[in-house]
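> this is a predicted model, with the sequence first.
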Amino acid sequence: MPNPDQPLTEDQEDLLDWATTAVLFAVGYIRILADAIERGDADLQVDPSAWENTLTAVEGVMLEHIRGHLHGPTAITVEDVERMRRLRGLGSAALSGGERSPELYPLSLRCMESLLGPNWKRTARDAVSYTRALIRAFHPHSGT
């Protein structure tokens, strides 16, 4: 990223918009899925394609952090990306009717913290509200 005193180029603004949206939706979906699994809900409330696409996108955002093209509230590491990939796989398995791993909930919390930093709980609540509102607006019959 450029000097914070300099205006962003259009490409930098686009990258930042994409990254912000990806993180927001990822945290929303992660929290929705983790809470549904923790409660033992039959309906996990997340579309499997949305989960896969969003978590793949947020992995890309995390790699841009590592490359130095983005900066956020935490220092993203390769281990954080690997944890996110693990979470994506566990979530995909649960959403396809497979195992609901006991690892999924604590891994979800750790991944949200790695993305958002120490205030992740409040931000995650906001992300869930935002994600659900957009799902209702664009997919009114989804039930979420």
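Received the coordinates, thanks.

> find the centremost residue of the protein, please.
Centrality entry for the chain: nearest residue to the mean C-alpha point is Ala26, 1.8 Å, by Cα atoms, centre = their mean.

> what's the weakest-modelled helix or strand in the chain?
Across the helices and strands of the chain, the lowest-confidence element by mean pLDDT, DSSP states H and E is helix 120-138, at a mean of 88.

> tell me the buried residues in that one?
For helix 120-138, a neighbour-count test (16 or more other Cβ atoms under 10 Å) marks Trp120, Thr123, Ala124, Ala127, Val128, Thr131, Ile135 as buried. Where you see a C-beta, it was placed from the backbone N, CA and C, and this is true even at glycine.

> in TSV: these, plus distance to Asp5.
Output for the buried residues of helix 120-138, formatted as TSV (distance: Cβ to Cβ, whole Å):
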residue	distance to Asp5
Trp120	29
Thr123	26
Ala124	31
Ala127	29
Val128	35
Thr131	33
Ile135	38
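
> tell me the one of the residues you listed nearest Tyr105?
Distance from Tyr105 was checked for each of these by Cβ to Cβ. The minimum falls on Ala124, at 13.1 Å.

> is it true that the closest one touches Leu115?
No: because the distance of 9.2 Å does not satisfy Cβ atoms under 8 Å, Ala124 is recorded as not touching Leu115.

> any residues in contact with both of the two?
Here Ala124 and Leu115 have Val27 as joint contacts, going by Cβ atoms under 8 Å, 6 or more residues apart in numbering.

> got the CA coordinates for stretch 5-25 in CSV?
The C-alpha coordinates for stretch 5-25 follow below in CSV (Å, rounded to 0.1, in the frame of the first residue of the first chain):
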residue,chain,number,x,y,z
ASP,A,5,-0.8,10.6,3.2
GLN,A,6,-1.2,9.9,-0.6
PRO,A,7,-4.6,9.3,-2.2
LEU,A,8,-5.2,5.8,-3.4
THR,A,9,-5.1,5.0,-7.1
GLU,A,10,-8.3,3.5,-8.6
ASP,A,11,-6.7,0.0,-8.6
GLN,A,12,-5.7,0.3,-5.0
GLU,A,13,-9.3,1.4,-4.1
ASP,A,14,-10.7,-1.6,-6.0
LEU,A,15,-8.3,-3.9,-4.2
LEU,A,16,-9.3,-2.4,-0.8
ASP,A,17,-13.0,-2.6,-1.6
TRP,A,18,-12.7,-6.2,-2.7
ALA,A,19,-10.7,-7.1,0.4
THR,A,20,-13.1,-5.4,2.8
THR,A,21,-16.1,-7.1,1.2
ALA,A,22,-14.4,-10.5,1.3
VAL,A,23,-13.4,-10.2,4.9
LEU,A,24,-16.8,-8.9,5.9
PHE,A,25,-18.7,-11.8,4.2
